[in-house]
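In: one predicted model, sequence on top.
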Amino acid sequence: SHLEMSSEVYDCIVIGAGIQGSCTAYQLAKNKQKTLLLEQFVLPHSRGSSHGQTRVIRKTYEEDFYVQMMHESYELWAQLEREAGVELYRRTGLLVMGPENGEGFSRLKATMQRHKIPTVFLEKQEFSQHIPNVNLADGNGALIDTFAGVLYADRALRAVQRLFQSCGGGVIKDGEKVIDIRPGTEVTVTTDSGVYRGRSLVITAGPWANTLLTHTGLQLPLKVVKINVCYWKEKIPGTYSVGQSFPCFIEMEPIEGEYDIYGLPSNEYPGLMKVCYHMGSETEPDERDKQTDRGDIDILVRFVTRCLPGLVPVPAVVESCMYTVTPDHNFVLDSHPTYGNIIIGAGFSGHGFKFGPIIGKLLSQLAMGQVPSYDLSPFRIQRFQSHARSSL
Ligand SMILES: Cc1cc2nc3c(=O)[nH]c(=O)nc-3n(C[C@H](O)[C@H](O)[C@H](O)COP(=O)(O)OP(=O)(O)OC[C@H]3O[C@@H](n4cnc5c(N)ncnc54)[C@H](O)[C@@H]3O)c2cc1C
Ligand SMILES: O=C(O)[C@@H]1CCCC=N1
């Protein structure tokens with residue numbers, strides 16, 4: 001080809017500068033690995049899954065393995081705050097509402113108790129006194145994870161990328177789309193403007209994971225969906241605000257739809273609260289803006305009307321984001337089944353941001369050939385068995 005091959009051989013090349021790739025690259029550079037982070041769009045951008053001002057951080061999970069990883073993730077976020085000298089986390093608490101005797105809510109409660117996560121269990125009678133302006137559905141229980149809160153997402157992403165570049169050996173090339181990958185003891189990666197070699201490769205390409213994996217003969221059962229990120233106007237400004245100590249919330253198994261509904265207190269846009277449906281309609285990542293289905297918004301309108309009477313039940317702002325969803329909603333953190341020096345971080349299924357620093361650590365351990373510090377069996381590619389098609 002007419003493209004020039006760089007003479008440099010990197011210890012690792014990371015494809016995709018979303019939160020997972022950026023955290024991985026930072027961990028690698030901290031471990032003295034010469035690392036190249038490639039990003040197809042000019043940074044910062046809003047066409048993947050890591051943009052927007054806010055994300056929920058919580059330990060509230062049904063599965064022990066997520067709770068265990070979140071213990072360390074909170075510590076690593078605090079470390080990043082210190083290293084970057086910026087505030088990335090704001091404690092607000094997280095209110096979880098769900099069918100009192102349902103399987104999911106009961107499992108969640110049990111996990112919180114087992115791990116001794118500081119939790120307040122709210123009785124029906126005291127609910128409105130603690131959480132005014134929210135209607136608890138009949139038969140629903142409620143609990144509060146008191147250390148949960150909001151991560152300042154855009155700010156966090158920029159901070160991690162800045163820290164990565166300030167390490168010796170950390171290079172970002174943005175506006176460079178990877179168009180080919182040639183596996184080998186040295187992996188050759190071709191972009192639309194250069195050719196690079198790395199002793200290992202990490203693919204953290206978000207919704208484009210399968211597009212890139214095609215070059216390695218692997219396809220994963222990933223579904224890419226468009227999320228309409230809806231903001232709703234407070235009838236009385238401040239009603240649901242961080243300033244009024246309003247928490248983030250999750251409504252499990254809402255009456256209105258099959259998937260959870262979640263919200264964050266008004267903060268980034270004054271007077272507007274973010275409330276979203278935890279699923280969307282399928283899309284090709286490059287065709288996101290052509291997906292105009294509003295089924296999720298219809299569900300949210302009904303939910304807001306029933307549950308959040310202090311909001312105008314019509315979204316005031318709608319932004320777009322994408323989830324890359326696996327069949328069991330658990331992540332993919334594994335090495336490639338054929339090429340051990342190609343590491344894959346994918347399928348974060350709409351809940352991966354809070355894990356960014358710990359995922360970065362785990363993927364960097366895999367890329368350096370170390371034993372990962374958590375049991376990664378829930379995240380193995382092999383669990384898909386009949387789904388994972390090797391086209392080799
Ligand atoms: C609306 C919404 C709300 C969410 N809420 C929460 C929440 O409250 N809490 C939480 O923990 N998580 C949440 N998530 C999930 C979380 O944001 C994602 O799991 C996470 O951002 C995924 O990061 P990523 O790095 O895997 O993907 P991305 O951010 O998409 O990064 C992948 C990058 O790879 C680049 N790339 C792809 N192909 C190429 C190529 N060929 N060459 C070069 N670069 C390439 C892309 O351009 C992109 O920048 C939410 C997600 C959305 C969309
Ligand atoms: O990951 C999170 O906490 C958010 C809120 C619940 C559903 C998905 N994302």
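Out: Noted; the coordinates are in hand. Ligands and ions are numbered 1, 2, ... in the order given.

In: quick one: D138 and M97, what's the gap?
Out: Distance of D138 to M97, computed by CB to CB, to the nearest Å: 11 Å. Glycine gets a C-beta too; all of them are placed from N, C-alpha and C.

In: any idea of the mean pLDDT in stretch 182-200?
Out: Averaging pLDDT along stretch 182-200 yields 98.

In: quick one: contacts of it?
Out: 1, 3-6, 8-13, 15, 36, 38, 173, 176-181, 201, 215-216, 336, 338-339, 341-343, 367-369 (CB atoms under 8 Å, 6 or more residues apart in numbering).

In: just the ones in strands from those, please.
Out: 5-6, 8-13, 15, 36, 38, 173, 178-181, 201, 342-343 (DSSP state E).

In: show me which of those residues neighbour ligand 2.
Out: Near ligand 2, judged by CB under 6 Å from any ligand atom, there are no entries from those.

In: now P118, nearest residue through space, not along the chain?
Out: By the measure of CB to CB, 6 or more residues apart in numbering, the closest residue to P118 outside its immediate chain neighbours is T146, 4.7 Å from it.

In: neighbours of the one you found, how many?
Out: By the measure other CB atoms under 10 Å, the count of residues near T146 is 15.

In: which bits of the stretch 1-150 of the chain sit near ligand 2?
Out: Where the stretch 1-150 of the chain comes near ligand 2, counting by CB under 6 Å from any ligand atom, the residues are V56, R58.

In: over in the stretch 1-150 of the chain, which residue gets nearest ligand 1? Let me know.
Out: Nearest to ligand 1 in the stretch 1-150 of the chain, going by CB to the nearest ligand atom, is G18, at a distance of 2.0 Å.

In: tally of neighbours for the closest residue to that residue other than its chain neighbours?
Out: Ranked by CB to CB, 6+ apart and with sequence neighbours excluded, the top spatial neighbour of G18 is S50, at 3.9 Å. If you count neighbours by other CB under 10 Å, S50 ends up with 25.

In: most distant residue from the middle of this protein?
Out: Within the chain, H2 marks the point farthest from the mean C-alpha position, 37.4 Å out by CA atoms, centre = their mean.

In: how near is it to V195?
Out: Relative to V195, and taking CB to CB, H2 is found at 10 Å.

In: re earlier: the residue of the stretch 1-150 of the chain closest to ligand 1 reaches V160, doesn't it?
Out: No. Taking contacts as CB atoms under 8 Å, G18 lies outside contact range of V160: 10.3 Å.

In: tell me the residues on this protein that lie near ligand 1, please.
Out: Checking the chain against ligand 1 by CB under 6 Å from any ligand atom, the hits are 15-21, 38-41, 48-50, 55-56, 177-178, 204-208, 212, 227, 229, 276, 321-323, 348, 350-354.

In: quick one, which of those are buried?
Out: 15-21, 38-40, 48-50, 55-56, 178, 204-208, 212, 227, 229, 276, 321-323, 348, 350-354 (16 or more other CB atoms under 10 Å).

In: show me those residues that map onto strands.
Out: Reading strands off these with DSSP E, I get I15, L38, R55, V56, V178, I227, V229, C276, C321, M322, Y323.

In: just send those back as a markdown table, with pLDDT too.
Out: Listed next are these as a markdown table, based on pLDDT from 0 to 100:
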| residue | pLDDT |
| --- | --- |
| I15 | 99 |
| L38 | 98 |
| R55 | 98 |
| V56 | 98 |
| V178 | 98 |
| I227 | 98 |
| V229 | 98 |
| C276 | 98 |
| C321 | 98 |
| M322 | 98 |
| Y323 | 98 |
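
In: just send the residues you listed back as a markdown table, with distance to H130 too.
Out: Converted to a markdown table, these look like this (distance: CB to CB, whole Å):
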| residue | distance to H130 |
| --- | --- |
| I15 | 46 |
| L38 | 48 |
| R55 | 24 |
| V56 | 19 |
| V178 | 50 |
| I227 | 29 |
| V229 | 27 |
| C276 | 23 |
| C321 | 31 |
| M322 | 35 |
| Y323 | 31 |
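
In: perfect, I'm done here.
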